[in-house]
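In: my questions are about this predicted structure, shown below with the sequence.
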Amino acid sequence: MAWIDERAALTRERRSGALSAFHGTLGGLKTLMSGETRQTLRTMTQCAPDDIVYAIRVLAGIEGAAVIIHGSAGCAASALFAPDASNLLYSTNLDEKDSILGGDEKLREAISRAASRGASAVFVLGTPVTAINNDDVNSVISEFEDRTGVKVTYANTDGFKSKTPVTGYDIASHCLLRGLVEHSRSEGSQSGCGCFINLITMSESPSDVLSVLGMFEDLGISVNVLPRYSSADSVKRASRAAASVALNGGECEYLVDGLEESFGVRAIRTDSPIGIEAAERFIRAAAGALGVEQEAERYIAERRGEADEAASKTPLSGYGVFLNMDLEPAASFAALVSELGGKVTGVAVPYVDEFNKRLLDKFHDNATPFIVANGQPFEIANALSKTKSDFCVVPRGIAASVLPFGIVPIEWGHESFFGWDGILAFSSLISRLKNSRGIKPFRGEIYKKTWLSKSGNWHVKTEVR
């Protein structure tokens, strides 16, 4: 049965055995993931984004779409984590009475209001409140569609079934496949020059997307960007593309595979285009799907010289880099660090599952500290205090947390490191930052010495069933 025929997407734990709690070494993680995944848990955890936040980042970023957060006013605060959200955001604002008797009436009112404002698509986002009071959201939606003809789709998030927030990307993808992608495919749209390719992006910054679009423009390849930084029309026409390629295969796997399974859009599986070798593989894979291999080879020959020259200066020689990002880009980034003469001193990723565990083989030193955690900066601080790292690539917003260790932070997403321009940008950035190696730590302590002296994995336990 096709995925879009299912009422809801499975959590990553159920669908791919996702692991979200580990603190040890690369070798230990490889051993843990070598057989059937043994689930682990944290007996202490910091607050971190959940599947609702990840889903709203995708759906609220579609231009012209309306997103209805079906829950209490507090649940509507999820929208604060969607900085590029559209203007059409609603909350059903359920109160105590609604949580007992149901919030169907308020949901009908919110859908009607969104439709009356000309929304190109309407998405209803679930929350813990509606999961607990068991609102029959699908019946309300069906009743409204039958009466008005407006397409409304339910993103069945609840915030507590999954410890792997990337499940929210899967739920959003399921929602788009069922409710927005055109369920018909024009003839002659298979492959060959003149067709377009879907560029699938979930978490990347605008500068990341623009970098990759620049490469495709140089190759003369037409691109349809979705679901972030797109419109409802962009999502609708995704079924007519020759192929789909993702900037992060782990995050976008559900949508890429769903387009192939349900609509015959070829799925291009390749690495994130970070670093010399990975950028070449990405370009060749995309060009091969559209029959422009010769143009790709000419383009690679033109740009390879610049990248080789930057790498020959080995700006990272003698320096260590700690990587804190998703496993897919981390694997490519590790190769870039090596290409520039450096060493990866540690890695922190949000999850590992059956789909991406092959990427662990891209890291070669089994003694490398490896953390699998959704957020949990206190664990990363513990690891940083024990590694000889000079630079740490971190998500936007937490750069200050590495400064007390005398480590220079590099914000992931602030400046794009994708594609050929990204190789040059990262090399240039490292050369500039080496002069700031002597940054003084903050006065005072973020974490006590007693905590930093503890083993980083004392609170990560094997789940008992």
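Out: Structure's in. What do you need?
In: going by C-alpha atoms from here, please, whenever you check contacts or count neighbours.
Out: Fine.
In: per-residue pLDDT, residue 97?
Out: Predicted confidence (pLDDT) for residue 97: 87.
In: separation between it and residue 129?
Out: Residue 97 sits 12 Å away from residue 129, going by C-alpha to C-alpha, to the nearest Å.
In: of those two, who's got more company?
Out: residue 129 (23 against 9; other C-alpha atoms under 10 Å).
In: in terms of contact, does the more buried one touch residue 71 like I think?
Out: Yes: with contact defined as C-alpha atoms under 8 Å, residue 129 reaches residue 71; the gap is 5.5 Å.
In: give the buried residues for stretch 57-76.
Out: 57-72, 75-76 (16 or more other C-alpha atoms under 10 Å).
In: got it, and stretch 90-109?
Out: Across stretch 90-109, burial judged by 16+ other C-alpha under 10 Å covers 90-94, 98-99, 102-104, 106-108.
In: just stretch 396-411 next, same as before
Out: Residues of stretch 396-411 classed as buried: 399, 401, 402, 403, 404, 405, 406, 407, 408, 409, 410, 411 (neighbour count, 16+ other C-alpha under 10 Å).
In: now swap in stretch 203-210 and tell me
Out: Under 16+ other C-alpha under 10 Å, the buried positions of stretch 203-210 are 203, 204, 205, 206, 208, 209.
In: quick check on residue 48: phi, psi?
Out: phi -150, psi 160 (degrees, to the nearest 10).
In: ok, it - contacts?
Out: Residues counted as contacts of residue 48 (C-alpha atoms under 8 Å, 6 or more residues apart in numbering) are 374, 375, 376.
In: look up how far residue 256 lies from it.
Out: Distance of residue 48 to residue 256, given as C-alpha to C-alpha: 26 Å.
In: next one: residue 211
Out: 21 Å.
In: point out where the protein drops to low pLDDT.
Out: Residue ranges of the chain with pLDDT under 70: 1-4, 36-38, 83-87, 184-194, 436-445, 463-465.
In: could you tell me which residues within the longest helix belonging to the chain count as buried?
Out: When the chain is parsed with DSSP state H, its longest helix is helix 293-312. Within helix 293-312, the residues that count as buried by 16+ other C-alpha under 10 Å are 293, 296, 299, 300, 304, 307, 310, 311.
In: ok, so of these, who is nearest residue 221?
Out: residue 296 (10.3 Å; C-alpha to C-alpha).
In: give the contact list for that closest one.
Out: Residue 296 touches 219, 283, 284, 287, counting by C-alpha under 8 Å, 6+ apart.
In: let me see the contact set for residue 370.
Out: So residue 370 contacts 22, 23, 24, 25, 26, 29, 346, 347, 348 (C-alpha under 8 Å, 6+ apart).
In: what residues are up against the first one?
Out: Neighbouring residues of residue 22 by C-alpha under 8 Å, 6+ apart: 29, 40, 370, 371, 372, 373, 457, 460.
In: those: which two are farthest apart?
Out: 40 and 370 (14.8 Å).
In: what's around residue 258, how many residues?
Out: For residue 258, the neighbour count with other C-alpha under 10 Å is 20.
In: using CSV, list the CA coordinates for the host helix or strand of residue 68.
Out: Remark: residue 68 resides in strand 65-69, with elements defined by DSSP states H and E. Listed next in CSV are the C-alpha coordinates belonging to strand 65-69 (Å, rounded to 0.1, in the frame of the first residue of the first chain):
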residue,chain,number,x,y,z
ALA,A,65,-1.0,28.4,3.0
ALA,A,66,-3.0,28.6,6.3
VAL,A,67,-1.9,26.6,9.3
ILE,A,68,-4.4,26.0,12.1
ILE,A,69,-2.8,25.0,15.4
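In: between the buried residues of stretch 396-411, which is nearest residue 233?
Out: For the buried residues of stretch 396-411, the closest approach to residue 233 (C-alpha to C-alpha) belongs to residue 411, at 32.4 Å.
In: please report how far the closest one lies from residue 169.
Out: Going from residue 411 to residue 169 by C-alpha to C-alpha gives 22 Å.
In: and residue 312, by the same measure?
Out: 39 Å.
In: repeat that for residue 128.
Out: 17 Å.
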